[in-house]
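Student: sequence and computational prediction follow.
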Amino acid sequence: MTESVHAKVLIIGSGPAGYTAAVYAARAALDPVQIEGMQPGGQLTITTDVENWPGDIRVTGPELMARMAEQAKAVGTALVSDMIMEVDLTQRPFLAVGDSGRRYTGDTIIIATGASARWLGLESETRYLGGGVSACATCDGFFYRGRTVAVVGGGNTAVEEALFLTNFAEKVYLIHRRDSLRADRTNQARLHANPKIEMVWNAEVAEVLGNGKTVTGVAVRSTVDGGLSEISVDGLFVAIGHDPATSLFAGQLRMDDEGYILVAQGSTGTSVPGVFAAGDVQDKVFRQAITSAGMGCMAALEAERYLAGHNAHAIAAEGADDRALLV
Ligand code: FAD
Ligand code: NAP
């Protein structure tokens, strides 16, 4: 027989959004069950120093996430090592089926499955991840004061990352594979007006160069004639898009055309009442640990209110006598 677990609050994902939702739900005595997924701790487990998490001058990503997991567990969250492969949001309670074959039902679901940066797919890029290769200027730009960096991409994110990096770096190369940008006109105008930014048109990064520890440059290949050249840089920011982890919910929740879950303004409520979405899975603007954690808090508080309202309706529908229970 297939094992089945029921939760008042079922949380899918264990990044900052998921753990924060778990802490709030557990402290509201809602006995949350949290499915960790293939990356317990989420995206921050693949970075080194985090310097913008309030309360910690410096903490490593894995250390911070281990502490969040410990706190979620300490207040009563059941952390489960499993990966959700299938959901049914049309039935009540909601159903989620794990890779383990276990079936989870939830009176509410908090989706905190995050997103992942798209990478170039080079072996040298992976080697220097955390040693000069980054996908987040807000997170790592600070380390490049007075130095030279390159950004790859031609969309709004790449242009905004390049502009942001000029606050620190002496020089910023923007490497784009075509001869025109996808970014909007306002961003393009700001970019072209900034003397610290130099465009490298019709070029793709062929290899990240380094000294074995940190980045020292990039080899770029012309997309016109295939010619190779090198640019000396101290850091490389890859800004070629992100993919939210939402394929699981396709056709069941309203999403935008890039697959981010749509939520009501000022809320984490999705198009299905009782299903909430928090963190990078619904946010393509901020993509930070602190904003994800904030949304995790909102989702748990909204799940709590939903359950309170839901129970009230259920009892009220059963008869006048039961209404006394609500007082
Ligand atoms: P994530 O952290 O993406 O976590 C998603 C979770 O969902 C994971 O636990 C995964 O296992 C789980 N999951 C996915 N699919 C399933 C499934 N089907 N079933 C079950 N579980 C599932 N932000 C900062 O504020 N400061 C920084 O310094 C910083 N540095 C960064 C460095 C790097 C290299 C990267 C990649 C990001 C960095 N960020 C930083 C961004 C930050 O990590 C993210 O904004 C944040 O982690 C998003 O949190 P989240 O909870 O929404 O999702
Ligand atoms: P995007 O618009 O999809 O742009 C991705 C860029 O990366 C494109 O220029 C693309 O080149 C390039 N690229 C993709 N794969 C590549 C590869 N393997 N090698 C080299 N280059 C590659 O992504 P985004 O910039 O992250 O933006 C995502 C969405 O958020 C967009 O809708 C964007 O407008 C929006 N956004 C808006 C704002 C804002 O309004 N201020 C800010 C940030 C993001 P090609 O152009 O050749 O395809």
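Tutor: Received, thanks. Ligands and ions are numbered 1, 2, ... in the order given.
Student: what sits against the nearest residue to Gly37 once chain neighbours are set aside?
Tutor: Leaving aside its chain neighbours, Gly37 sits nearest to Met83 (5.3 Å; criterion: Cβ to Cβ, 6 or more residues apart in numbering). In short, each C-beta sits where N, CA and C put it, glycine included. Neighbour list for Met83: Ile35, Gly37, Met38, Gly98, Asp99 [criterion: Cβ atoms under 8 Å, 6 or more residues apart in numbering].
Student: go with 7 Å
Tutor: Gly37, Met38, Gly98, Asp99 (Cβ atoms under 7 Å, 6 or more residues apart in numbering).
Student: now do the longest helix belonging to the chain: which elements does it pack against?
Tutor: The residue-count maximum for a helix in the chain (DSSP state H) belongs to helix 289-318. Applying 3 or more Cβ pairs under 7 Å, 6 or more residues apart in numbering; DSSP states H and E, one finds that helix 289-318 contacts helix 16-27, strand 103-111, strand 275-277.
Student: how close does Leu10 get to Gly18?
Tutor: 11 Å (Cβ to Cβ, to the nearest Å).
Student: which among the helices and strands packed on helix 289-318 is found nearest to ligand 1?
Tutor: The closest of the helices and strands packed on helix 289-318 to ligand 1 is helix 16-27. By Cβ to the nearest ligand atom, the value is 3.3 Å.
Student: name the residues of the closest one that are buried.
Tutor: In terms of neighbour count (16 or more other Cβ atoms under 10 Å), helix 16-27 has its buried residues at Pro16, Ala17, Gly18, Tyr19, Thr20, Ala21, Ala22, Val23, Tyr24, Ala25, Ala26.
Student: do stretch 41-53 as well
Tutor: For stretch 41-53, by 16+ other Cβ under 10 Å, it's Gly41, Gly42, Gln43, Leu44, Thr45, Thr47, Val50, Trp53.
Student: where does the stretch 1-150 of the chain dip in pLDDT?
Tutor: 1-2 (pLDDT under 70).
Student: could you list the contact residues of it toward ligand 1?
Tutor: By the rule Cβ under 6 Å from any ligand atom, the part of the stretch 1-150 of the chain lying against ligand 1 is 12-18, 35-40, 42-44, 46-47, 50, 52, 83-84, 112-115, 117, 135-136, 139.
Student: of the contacts of Met83, which pair is most distant in space?
Tutor: Farthest-apart pair in the contacts of Met83 is Met38 and Gly98; separation 11.6 Å (Cβ to Cβ).
Student: more crowded one of these two?
Tutor: In this view Met38 and Gly98 are compared by other Cβ atoms under 10 Å, and Gly98 has more residues nearby, 20 against 9.
Student: next, the contact list for that one, please.
Tutor: Contacts for Gly98 (Cβ under 7 Å, 6+ apart) come out as Ile35, Asp82, Met83, Ile84, Met85, Tyr104.
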